[in-house]
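Colleague: kindly return the folded structure for what I paste below:
(one chain, ligands or ions: 2)
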Amino acid sequence: MMSKLNNPRSTLHALEPMGRGTPEVESLTSYFCRLAYSHGMTAQKLADWVLDHFEQSVCEKYGWHQRSFSSMSPESEQWAAWLAELTGVASLDRHTLAPWRSVLGVPGLAPKSDRWCPCCLAEDKASNAEPYLRLTWDVAPVTACLRHKVQLVATCPHCHRSNVRSRSAVVVPGYSTSCGGFLGDAKTEPASPEALWVARQVGQMLQEPPKVASTGLVPLLETVIERMADGRPSTFASRYGFSKSGISHWLNKGGIPALKAWLTIALHGRIGLDKLFAGDVEGWEPPLVPVQMPIELPESPRAGIKSRELDWDAIRAQLRAMLEEPQPVSVNEASERVGVDRKSLYLQANAEARAIADRYLRHRAARGEQRQTRLQSQIGEVLDERLAAGYEGMSARDIWSRLYTEAQSVPGIFRHITAVMDSRR
Ligand SMILES: [Zn+2]
Ligand SMILES: [Zn+2]
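Modeller: Ligands and ions are numbered 1, 2, ... in the order given. So this is what the prediction gives:
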């Protein structure tokens, strides 16, 4: 086999990786499978051969796909280096998450099962290109394809199994490892604006490896806290929903924020992950009125400045951008953020203002319903627990005293308790 692999330029084919420098960069898992395929080998055989070539001991029972090829682990980095050496293709680590190891925490990063965008695979196939797997599909918080605005899927449309994308000795990217069916045939649903926002952030992040080294992480976080909470870690924590000990861990003990935390910073600070990780924060100004503030802020300094002439095209564009934000905003907030009163918004940007109002109302209604259902089931639980313990003839006050503090302060809580108690009689 060794001789078969030899060619004058490199030991293995100098296969071109897909999508480098774009949000659709190929994963190393995918590259590895295509490389094996181009040599007429199974992925398992190629993995064994590479390990043997570098004199690594091979455990027969260890499937190649149990190894980590695209993650942040040192193992992924090692495989990227080995394959770069054998193919002569440089920087294959850019097809793994390893370059982000110094800026991204591990928790919540790896998906529970393998996902893909069927539209991407179908498009690859239709254009006579080799279907390939995108690195962004291996980042758990990403649940949508930005290009096709659809949700990622995780189940084969033909055999209805999951984890059929790349976990087998033989893998042809784009085809089910279980039944051989084309994974691009899967049906999918439109993605939410929230999911698309996350997909865009992560896609931009994957275009370029971070420039902030691990030594630069604390200064970067200090800048974030400086700009977003006047340098006060406790304000920053409570304002954006972090724990104080978590922040202290980042600043003092080498802790690394998880991707979800960075996304929160990106959202509220209105700065791209790509910019944050490039350390490009020189001219960054977070919004004066933060998204979804839990506490009242004094009037923003901008509010007093009377605008000369309003650029309505720009304002409408800002409003449309707000419609894409994960968290729906109210017309009041939108009006504050663009510095224009509500009436003018409805006059000059009617469609946008109505879309914002409508989205916010639907969001509030959904949230209210959820809260009410949760509250009722909680009251029901307390009631059941007390009855099970042999109590009878309880008053609404008894039930109330056993609820969580948060539930106790819900407006009209006694009405809710009585309603649940009545429904049980
Ligand atoms: Zn797609
Ligand atoms: Zn299948």
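Colleague: find the residue ranges of the stretch 151-300 of the chain scoring beneath the pLDDT cut-off.
Modeller: By pLDDT under 70, the weakly predicted segments of the stretch 151-300 of the chain are 214, 289-300.
Colleague: what's near enough to touch A84?
Modeller: A90, S91, L92, D93 (Cβ atoms under 8 Å, 6 or more residues apart in numbering). Glycine gets a C-beta too; all of them are placed from N, C-alpha and C.
Colleague: helix/strand/coil for it?
Modeller: Following DSSP: H, G, I helix; E, B strand; the rest coil, we place A84 in the helix state.
Colleague: ok, the one residue in the stretch 151-300 of the chain that gets nearest to ligand 1 - how many residues close by?
Modeller: Nearest residue of the stretch 151-300 of the chain to ligand 1: L152, at 8.3 Å (Cβ to the ion). Around L152 there are 24 other residues, counting by other Cβ atoms under 10 Å.
Colleague: what's the closest non-adjacent residue to it?
Modeller: R115 (4.0 Å; Cβ to Cβ, 6 or more residues apart in numbering).
Colleague: could you check how far that neighbour is from ligand 2?
Modeller: To ligand 2, R115 is 15 Å away according to Cβ to the ion, to the nearest Å.
Colleague: distance of that residue from E24?
Modeller: Look at R115 and E24: by Cβ to Cβ, to the nearest Å, they are 14 Å apart.
Colleague: looking at those two, which one has more neighbours?
Modeller: Remark: of R115 and E24, R115 carries more neighbours, 24 against 21, as counted by other Cβ under 10 Å.
Colleague: sec struct for the residue nearest the centre of the chain, please.
Modeller: In the chain, the residue lying closest to the centroid (Cα atoms, centre = their mean) is P141, at 2.7 Å. Per three-state DSSP, the secondary structure class of P141 is coil.
Colleague: pLDDT wise, what is it at?
Modeller: For P141, the model assigns a pLDDT of 96.
Colleague: show me the contacts for it.
Modeller: P141 neighbours (Cβ under 8 Å, 6+ apart): G108, L109, V198, V202, L259, K260, L263.
Colleague: residue contacts, I315?
Modeller: I315 touches V338, V340, Q348, A349, counting by Cβ under 8 Å, 6+ apart.
Colleague: among the residues you listed, which pair sits farthest apart?
Modeller: By the measure Cβ to Cβ, V338 and Q348 form the most distant pair in the contacts of I315, at 10.6 Å.
Colleague: which of these two has more neighbours?
Modeller: Between V338 and Q348, V338 has the larger neighbour count (other Cβ under 10 Å), namely 19 against 14.
Colleague: which residue packs closest to I256, ignoring adjacent ones?
Modeller: G105 is the one closest to I256 (Cβ to Cβ, 6+ apart), at 4.3 Å.
Colleague: now do the SS call for the one you found.
Modeller: Per three-state DSSP, G105 ends up coil.
Colleague: where's it relative to A129, distance?
Modeller: Distance from G105 to A129, counting by Cβ to Cβ: 35 Å.
Colleague: who has more neighbours out of those two?
Modeller: Legend: neighbour count by other Cβ under 10 Å for G105 and A129, higher for G105 (18 against 10).
Colleague: that older thread, are any of the contacts of A84 buried, and if so which?
Modeller: For the contacts of A84, a burial check counting by 16 or more other Cβ atoms under 10 Å picks out L92, D93.
Colleague: the contacts of A84: which two are farthest apart?
Modeller: Between any two of the contacts of A84 (Cβ to Cβ), the greatest distance is 9.5 Å, for A90 and D93.
Colleague: and the helix or strand in which M322 is found, what's buried?
Modeller: Assigned by DSSP states H and E, M322 belongs to helix 312-324. Along helix 312-324, these residues count as buried under the neighbour rule (16+ other Cβ under 10 Å): I315, R316, Q318, L319, M322.
Colleague: from those residues, pick the one nearest A229.
Modeller: M322 (22.3 Å).
Colleague: now that closest one. Nearest residue, chain neighbours left out?
Modeller: What sits nearest to M322 in space, not counting adjacent residues and going by Cβ to Cβ, 6+ apart, is V329, at 5.3 Å.
Colleague: the one you found touches I356, doesn't it?
Modeller: Yes: with contact defined as Cβ atoms under 8 Å, V329 and I356 form a contacting pair (6.5 Å).
Colleague: more neighbours: which of those two?
Modeller: I356 (24 against 20).
Colleague: helix/strand/coil for the more buried one?
Modeller: Here I356 is recorded as helix under three-state DSSP.
Colleague: then S30?
Modeller: helix.
Colleague: residues touching it, list them.
Modeller: With Cβ under 8 Å, 6+ apart, S30 has these contacts: M18, H95, Y132, L133, R134, S166, P173.
Colleague: also within reach of ligand 2: list those from these.
Modeller: By Cβ under 5 Å from the ion, no member of the contacts of S30 lies near ligand 2.
Colleague: need the residues of the stretch 251-400 of the chain near ligand 1, please.
Modeller: By Cβ under 5 Å from the ion, no part of the stretch 251-400 of the chain sits against ligand 1.
Colleague: now do stretch 251-269: distance from first to last residue.
Modeller: Taking Cα to Cα, to the nearest Å, stretch 251-269 runs 19 Å from one end to the other.
Colleague: could you find the closest non-adjacent residue to the residue in the stretch 251-400 of the chain positioned nearest to ligand 1?
Modeller: At 17.9 Å from ligand 1, E324 is the closest residue in the stretch 251-400 of the chain, using Cβ to the ion. Distances taken as Cβ to Cβ, 6+ apart put P193 closest to E324, at 5.1 Å, once the chain neighbours are dropped.
Colleague: could you measure from that neighbour over to ligand 2?
Modeller: Between P193 and ligand 2 the computed distance is 31 Å (Cβ to the ion).
Colleague: from what I see, A261 and G105 are in contact.
Modeller: Yes: taking Cβ under 8 Å as the definition, A261 is a contact partner of G105 at 7.5 Å.
Colleague: for the closest residue to K187 other than its chain neighbours, which three-state class applies?
Modeller: Setting aside the residues directly before and after it, K187 is nearest to P157 in space (Cβ to Cβ, 6+ apart), at 6.6 Å. Secondary structure, three-state DSSP: P157 is coil.
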